[in-house]
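Novice: let's see this in three dimensions:
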Amino acid sequence: MEKKLPAPALKLHSTTTPSEEERKPEDHEGRQRSFPHERGIWASYVYIDYEGQEGLERMQQEWNQELRAAGIKDFQPVGHLHLSLTKTFTIRHHNIVPFVGSLQELLGVHRRFRLELDGVGVYVNEERTRTFIGVRIAEVSYPPLDRLVTELDECLLEYKLPRYYEDRSFHISLLWTLGDQSEIVTSRLPKLTEQFEEIYEDEYTDLTQTIRKLWFKCGNKLYPFQLA
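Specialist: So this is what the prediction gives:
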């Protein structure tokens, strides 16, 4: 089933990343911003990091090969694998420090937890300018995520920032392309699901890792938050 989702940031490789002003137009690979860039206002989101996860990277490669063999050649690997716990939002510079303090107070009392995966999903962003293929988080793992998102929503409201979607669909995007390509991709879901199940069985221990840390990305800065 096609799901709508916030447009996640797609590239992140270090604790300090190039700012929007420093990026060249071609670096965006045709992607459109969900909101215009303004100096002193930073695109931000809270997430669980999956970068460097070998099982997911294997899925990326095998799914891309399967799609290309079927003549679907426009999908690209997502550069920074993560599970979003907020929409991508903008925050003004003078609010960053107090907002980080609020996150520290909120997240520091949450205990670590494990996440299970459960199949393949196709997602389209709100503007219908991008399509993503990702792995779904199993509903049995939703309770700790729901609690986190609910409390993060309350924190966001204090700063008049947008809450996460009411119809929550937790997932990790692996591939993306421009435009709404959901109908084309849906025809390949049985094969992609077969590949997911094979890799998930092989890499189960690694793919069901304990979540010990959350991250807040604000512009080109990263803030880690250890769970209890």
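Novice: residue contacts, Met59?
Specialist: Residues in contact with Met59 (C-beta atoms under 8 Å, 6 or more residues apart in numbering) are Val135, Leu174, Gln195, Phe196, Ile199. Any C-beta I mention is one placed from the backbone N, CA and C, and that applies to glycine too.
Novice: what about these, which one has the most neighbours?
Specialist: Val135 (26 neighbours; other C-beta atoms under 10 Å).
Novice: could you look up the SS state of that residue?
Specialist: Following DSSP: H, G, I helix; E, B strand; the rest coil, Val135 is assigned to strand.
Novice: OK, contacts around the closest residue to Ser102 other than its chain neighbours?
Specialist: Closest residue to Ser102 apart from its sequence neighbours, by C-beta to C-beta, 6 or more residues apart in numbering: Cys155 at 5.1 Å. Cys155 makes contact with Phe99, Ser102, Leu103, Leu106, according to C-beta under 8 Å, 6+ apart.
Novice: which element is Cys155 on?
Specialist: Secondary-structure assignment from DSSP states H and E places Cys155 in helix 142-158.
Novice: ok, Leu192 next?
Specialist: Going by DSSP H and E, Leu192 is in helix 189-202.
Novice: what about this structure, any weak spots by pLDDT?
Specialist: 1-40 (pLDDT under 70).
Novice: that one: helices as residue ranges?
Specialist: For the chain, applying DSSP state H gives helices covering 54-69, 93-107, 142-158, 182-186, 189-202, 204-207.
Novice: just give me how far the second one sits from the chain centre.
Specialist: Mean C-alpha position of helix 93-107 versus that of the full chain (C-alpha atoms, centre = their mean, to the nearest Å) differs by 21 Å.
Novice: which strands or helices does it pack on?
Specialist: Applying 3 or more C-beta pairs under 8 Å, 6 or more residues apart in numbering; DSSP states H and E, we find helix 93-107 packed against strand 41-49, helix 142-158, strand 213-218, strand 221-226.
Novice: switch to 6 Å and redo it
Specialist: Contact here means 3 or more C-beta pairs under 6 Å, 6 or more residues apart in numbering; DSSP states H and E; on that basis helix 93-107 packs against helix 142-158, strand 213-218.
Novice: what's the most buried one of those?
Specialist: Neighbour counts (mean count of other C-beta atoms under 10 Å) averaged over each of the helices and strands packed on helix 93-107 peak at strand 213-218, with a mean of 20.
Novice: burial count for Tyr204?
Specialist: Neighbour count for Tyr204, taken as other C-beta under 10 Å: 12.
Novice: list the buried residues in the helix holding Leu192.
Specialist: Under the neighbour-count criterion of 16 or more other C-beta atoms under 10 Å, helix 189-202 has Leu189, Lys191, Leu192, Gln195, Phe196, Ile199, Tyr200 buried.
Novice: one more: stretch 64-80?
Specialist: Buried-residue list, stretch 64-80, by 16+ other C-beta under 10 Å: Asn64, Leu67, Ile72, Phe75, Pro77, Val78, His80.
Novice: run the chain-centre distance for that stretch.
Specialist: With C-alpha atoms, centre = their mean, you get 18 Å for stretch 64-80.
Novice: tell me the span between the first and last residue of it.
Specialist: End-to-end span of stretch 64-80 (C-alpha to C-alpha, to the nearest Å): 16 Å.
Novice: relative to the whole chain's centre, how far out is stretch 162-179?
Specialist: 7 Å.
Novice: ok so, going back, which of the helices of the chain sits closest to Ser44?
Specialist: Of all the helices of the chain, it is helix 93-107 that lies closest to Ser44, at 8.3 Å by C-beta to C-beta.
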